[in-house]
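Asker: Have a look; sequence and predicted model below, questions after that.
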Amino acid sequence: MGYSTLRGRSLLSLRDVSPDEIIELLDRAADTKKRAAHGERVPVLAGRNIALIFLKPSCRTRVSFVVAATQSGAHPEIFGREDIRFGVKESVRDIARVFGRVFDGVMFRGFEHATIAEFARYAGVPVWNGLCDEYHPTQILADLLTLRENFGRLEGLPVTYVGDGRNNVACTLAIAAAKLGLDLRILTPEPLQPALESIAELSAGAESPHASITVTASPHRALADSAAVYGDVWVSMGEEEQTRQRIDLLRDLKVTPESMAATGRADTIYLHCLPAFHDLDTETARTHPDILEVHDDVFEGPRSRVFDQSENRMHTAKALMQLTIAG
Ligand code: CP
Ligand code: NVA
């Protein structure tokens, strides 16, 4: 058996990988998940060292990569915003070359995609994008695994994303749709619609004949027959000053039991990358009680799969690190 074509590669965006390679990642994740359930550990990364860089806060990405690295036999080391001050006293290029000499792989959560791409170019070891302003590929791998677990297929599967249509999660879902043939509907108000050229370009270059990407402000059009309704916060990290404006744009698209019923299917699941505003148990929600993007009855309801998604972050992170470092 040869090495995976993913060996030595970075994942800066899902554009970097082929449909077959995404399926290989999902298959490996499903396999390690099954093994982990039996207490089995596969230490294929024994003796390796992984760096995790967080220029924005994180809960899920951090715990996923730490546990995935440790269970694979590697040592994870975390760097926060104050540890590495890119561009303040040292350039991205120089820091990347230092990390590339001592680490076997680097997870990078930052702001502009260009910074992560520059880091990867100079590091020379696999770099995984743990979220940037434009993309969130390690999240979408977990979401694809969750969809496959629930429906057994991805091709032609109708999925509705509801919220800011230009954010990192929406953009990455659109790339996944073009690669794997999802029937993706992005339900968002006109001011938050992604650039039509980028959607047209993705559709034209789709690698699956089943791929469909629809951008619409019509709940009826977006939700009819949908197998999954996918939410995200209305205000992404770094955009907090736009909070009032976003609430005003998105309040009518809050996901409610009625939105779920509007799919006309009994098996529709609810997904959310988390963190989510679904009740008033947070300081932000108490300050802005109308910021809740989903009704608590949906979030806590029997069709919610949000914590499966969170768990799947860990299994997909494991697959990603194992296949890109060890092959
Ligand atoms: N979904 C996600 O990336 O969560 P964190 O921001 O907590 O890592
Ligand atoms: N769009 C969100 C995703 C959080 C996981 C953000 O960037 O804050």
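Answerer: Ah, there it is. Ligands and ions are numbered 1, 2, ... in the order given.

Asker: For the protein, which residues score under the pLDDT cut-off?
Answerer: Along the chain, segments meeting pLDDT under 70 span 1.

Asker: ok, now with 80
Answerer: Residues of the chain meeting the criterion pLDDT under 80: 1-2.

Asker: Do a quick rundown of the strands in it.
Answerer: According to DSSP state E, the chain carries its strands in the segments 49-54, 75-80, 105-109, 127-129, 158-162, 183-187, 212-216, 228-231, 269-272.

Asker: Residue 259: which of the ones you listed is closest?
Answerer: strand 228-231 (6.5 Å; CB to CB). Glycine gets a C-beta too; all of them are placed from N, C-alpha and C.

Asker: Dump the C-alpha coordinates for that closest one into CSV.
Answerer: Presented in CSV, the C-alpha positions along strand 228-231 are these (Å, rounded to 0.1, in the frame of the first residue of the first chain):
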residue,chain,number,x,y,z
ALA,A,228,-30.1,19.8,7.0
VAL,A,229,-30.5,23.4,8.2
TYR,A,230,-27.1,24.8,9.1
GLY,A,231,-26.6,27.9,11.4
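
Asker: Next, count neighbours for residue 24.
Answerer: 17 (other CB atoms under 10 Å).

Asker: ok, now how distant is it from residue 320?
Answerer: Distance of residue 24 to residue 320, given as CB to CB, to the nearest Å: 11 Å.

Asker: And for residue 40?
Answerer: Using CB to CB, residue 40 is found at 19 Å from residue 320.

Asker: Compare the two and say which is more crowded by neighbours.
Answerer: Counting neighbours by other CB under 10 Å for residue 40 and for residue 320 shows that residue 320 has the greater number, 27 against 10.

Asker: who's in contact with that one?
Answerer: The neighbours of residue 320, taking CB atoms under 8 Å, 6 or more residues apart in numbering as the test, are 11, 25, 128, 138, 141.

Asker: which residue sits closest to the first one, ignoring its sequence neighbours?
Answerer: Excluding its sequence neighbours, the residue lying closest to residue 11 (CB to CB, 6 or more residues apart in numbering) is residue 128, at 4.9 Å.

Asker: interface residues of the chain facing ligand 2?
Answerer: Residues of the chain found near ligand 2 (CB under 6 Å from any ligand atom) are 131, 167, 168, 169, 232, 233, 236, 237, 273.

Asker: now those as CSV including neighbour count?
Answerer: Formatted as CSV, the residues of the chain next to ligand 2 follow (neighbours: other CB atoms under 10 Å):
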residue, neighbour count
131, 28
167, 25
168, 23
169, 24
232, 25
233, 22
236, 20
237, 17
273, 25
